[in-house]
Each structure stands twice: as C-alpha cells, then as structure tokens.
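A.B. asks: No sequence on hand, only this structure:
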Ligand code: NDP
C-alpha cells in the first residue's frame, strides 16, 4: 500500500486518478480547490481523504502537505500533480492577472509540490512524480497561449527533475492528455467536440479513466526504468 498524493482530485481526470489508485489498494489523499461537494462525493466513493488546498499558493501547498502527511500517516511516496485551469482568448487581450493565474496553477504548483515532497523521497531513495501536462504543451494551441506555455514548461520541469532526482531512484514523468470528456471542455458544444473527435486519429475523445491508467502504469514497479518522459494519451492527436 503506497501513500499517494493527487492534486485536483475532486473532478474529471484527477477524480479518475483517485479512483484508480484507491482501487489498486493505495492510501490516497487528494487536494481540491473550492468544490467541496464534488470532493466529498469522490472521498465517500473511494475512501480517499479530501483536503482543500490552493496549489497555486506556495504557503497553502506547505499547509496542505502538513495535513496530507497527517492523513497518510507519513510522507507521500507518489505525487500526481494534476490540478489545472485553462484560459481561452486572444493573447493580446490577456491580463497580467490571467497570465499569472494560468502559469501559477498549471506550472508553478507542480514545482512547489515537487520541491516539498522530494526531501523525504531522497531520504527513502525512492519515489514517483507524475505531472499532468497537455498535448498543447507539445504542439501549442491558438488562443491558449498561457496554457500552452505552462504545459510546455512542465516538459522542462519533468526532464530537469528526472536528471536531478534520478540518482535518488526517483522517477519523474509527464502524461499529456488530448481531448478528454471533463468539465474543462464543458464550454464546447457538440459540434466543436465532434470536430475535435474527427481531428483525432482514433476518431473519438478520451475518457478520464484512460489517462488514469497511464498514470497508474508510470507509478507501478513495471515502469521503474522510465523517467523524464512525456507520454501522450491523446488518441494520436499530437503526433
Ligand atoms: P477539471 O476542470 O475537470 O478539474 C480541475 C481540477 O483541478 C478540479 O479538481 C479543481 O478543483 C482542481 N483545481 C483547479 N484549480 C486548483 C487550484 N488552484 N488548487 C487546487 N486544485 C485546483 O479539469 P480536467 O480534469 O479536465 O483536467 C485535469 C488536468 O488535465 C489539468 O491539468 C488539465 O490541464 C489537464 N488536461 C485536461 C484535458 C482535457 O481535455 N480535459 C486535456 C489535456 C490536459 P475544484 O473541483 O475544487 O475546482
């Protein structure tokens, strides 16, 4: 039974990751932001512990981690940094606050978490870190400039941390979803979703559980020699 910390576990892909690790018999704590009802529902269904924590704030991350350690009965052995937000619009219209919010939530949060959990992993000489990026971090999305930049930043974070932490037997990998059916895409009408499915070589959009399966694999003993990689779970969209 591993001790697993997942961010953004109240909904969508994060909730599927909470379910996957819980079903695998691991002890799971997840962070969420504001959606107490959704968090309580996932916690009740899985037995995981839900903790409110704004991961874009480094002080909140330190506080959240103290609560997570108490709930886990020790240090996280697996970190899944999944929480994210998107922002759609022309780059010329984006405010400083909007830019910072997207970068802080999607990129800086992953760094804050990785910084805080690595000490214990180094002492234990093992650990797994997983970041949830996006295919847009690989190929860029028009009208999602900050999001694409943040997710591209996760690629650099993954590779650099993998080199820095490899000697301590800690693996660091990134999973890059394509279009997945979650609230993040709820603003898209059925026509737009159909067009995205058509653009996907496998001809459909993905399910949160399909992303969770890749995360579970990269955290498993079978993936012990895989580090610094970005794995697309995108139906071939970003080939
Ligand atoms: P959702 O919008 O469905 O869920 C977002 C989750 O992140 C919620 O649990 C939310 O908590 C949490 N969250 C948001 N901001 C914060 C914050 N500041 N602090 C803590 N938690 C926060 O998103 P998805 O499940 O679709 O996305 C999950 C990840 O996958 C993201 O990183 C996203 O960029 C990435 N991704 C998603 C794709 C998709 O098509 N859906 C495609 C590619 C990548 P709360 O419920 O409290 O608001």
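C.D. replies: Done, it's in. The model shown is predicted, which means the values in this text are computed figures rather than measured ones.
A.B. asks: all helices in the chain, in order from the N-terminus.
C.D. replies: Remark: helices assigned in the chain by DSSP state H are 12-23, 36-46, 58-72, 96-103, 109-124, 136-139, 145-165, 190-199, 208-218.
A.B. asks: and residue 32, what is it in contact with?
C.D. replies: Applying C-beta atoms under 8 Å, 6 or more residues apart in numbering to residue 32 gives the contacts 8, 9, 10, 11, 14, 38, 39, 50, 51, 52, 53, 83. Quick note: C-beta positions are derived from backbone N, CA and C, even for glycine.
A.B. asks: number of nearby residues for residue 99?
C.D. replies: As a burial measure, residue 99 scores 16 neighbours (other C-beta atoms under 10 Å).
A.B. asks: Next one: it from residue 54, what distance?
C.D. replies: To residue 54, residue 99 is 17 Å away according to C-beta to C-beta, to the nearest Å.
A.B. asks: For the most centrally placed residue in the chain, give me the pLDDT.
C.D. replies: Closest to where the C-alpha atoms of the chain average out (C-alpha atoms, centre = their mean) is residue 82, at 1.7 Å. You'll see residue 82 listed with a pLDDT of 98.
A.B. asks: again with residue 95
C.D. replies: pLDDT recorded at residue 95 is 98.
A.B. asks: Would you mind measuring from it to the ligand?
C.D. replies: Look at residue 95 and the ligand: by C-beta to the nearest ligand atom, to the nearest Å, they are 17 Å apart.
A.B. asks: count of residues packed around the nearest residue to residue 159 once chain neighbours are set aside?
C.D. replies: Leaving aside its sequence neighbours, residue 159 sits nearest to residue 228 (C-beta to C-beta, 6 or more residues apart in numbering; 4.8 Å). When neighbours are defined as other C-beta under 10 Å, residue 228 has 17 of them.
A.B. asks: In contact with residue 218, which residues?
C.D. replies: Here residue 218 is in contact with 128, 130, 171, 173, 175, 226, 231 (criterion: C-beta under 8 Å, 6+ apart).
A.B. asks: Please repeat the previous calculation with a cut-off of 7 Å.
C.D. replies: 130, 173, 175, 226, 231 (C-beta atoms under 7 Å, 6 or more residues apart in numbering).
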